[in-house]
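Asks: mind folding the following:
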Amino acid sequence: MHIVLVNIHVKPDKLEDFVAATQVNARNSVKEPGVVRFDFLQQKEDPTKFLLVEMYRTPEDADRHKETTHYLVWRDTVAEMMAEPRLGVKYANLFPDDASFEMP
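Replies: Numbering: from 1, shown residues only. Now for the predicted structure:
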């Protein structure tokens, strides 16, 4: 399992446009065969901050995601909406481990 948490801070006047663009990306991302889970979260205390929780079967699946049309359109659409550069951090899950984790 390959997990990426992407922290995003959006300009306050761009919230509605960012949410709409990211929902389109998320809806298409969950259709990719290598995507196990793709969550789009908004922070309650600061609605300009978001988190993408991306779970892929393999690191190569994450690479393929970044080649899809929907990702490339999203990346270019939201670039000017960012209050600061987004930060993606890669994780490995320790529990459940890959041997006991049942993929959908």
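Asks: could you use CA atoms for every contact and neighbour count after this?
Replies: Will do.
Asks: quick one, strands of this protein?
Replies: Assigned by DSSP state E, the strands in the chain fall at 2-9, 35-42, 49-56, 87-91.
Asks: for Arg75, which of these is the nearest?
Replies: strand 2-9 (12.1 Å; Cα to Cα).
Asks: against which helices or strands is that closest one packed?
Replies: strand 49-56, strand 87-91 (3 or more Cα pairs under 8 Å, 6 or more residues apart in numbering; DSSP states H and E).
Asks: so where's the longest helix in the protein?
Replies: Using DSSP state H to define each element, the chain has its longest helix at helix 15-29.
Asks: which helices and strands does it pack with?
Replies: strand 35-42, helix 69-78.
Asks: ok, now with 6 Å
Replies: Applying 3 or more Cα pairs under 6 Å, 6 or more residues apart in numbering; DSSP states H and E, one finds that helix 15-29 makes contact with no other helix or strand.
Asks: what's it in contact with?
Replies: Outside of helix 15-29, the residues within contact range by Cα atoms under 6 Å, 6 or more residues apart in numbering are His70.
Asks: name all residues that make contact with Ile8.
Replies: Listed by Cα under 6 Å, 6+ apart, the contact set of Ile8 reads 49-50, 86.
Asks: can you rerun that using 8 Å?
Replies: The contact partners of Ile8, by Cα atoms under 8 Å, 6 or more residues apart in numbering, come to 49-52, 82, 84-87.
Asks: which of those are buried?
Replies: By neighbour count, with 16 or more other Cα atoms under 10 Å, the contacts of Ile8 hold 49-52, 82 as buried.
Asks: closest to Pro33 among those residues?
Replies: Leu52 (18.1 Å).
Asks: tally of neighbours for Arg27?
Replies: By other Cα atoms under 10 Å, the residues close to Arg27 number 13.
Asks: could I get the pLDDT score of it?
Replies: Predicted confidence (pLDDT) for Arg27: 98.
Asks: list the contacts for the closest residue to Tyr91 other than its chain neighbours?
Replies: Distances taken as Cα to Cα, 6 or more residues apart in numbering place Ile3 nearest to Tyr91, at 5.0 Å, with adjacent residues excluded. By Cα under 8 Å, 6+ apart, the contact list for Ile3 reads 53-56, 90-93.
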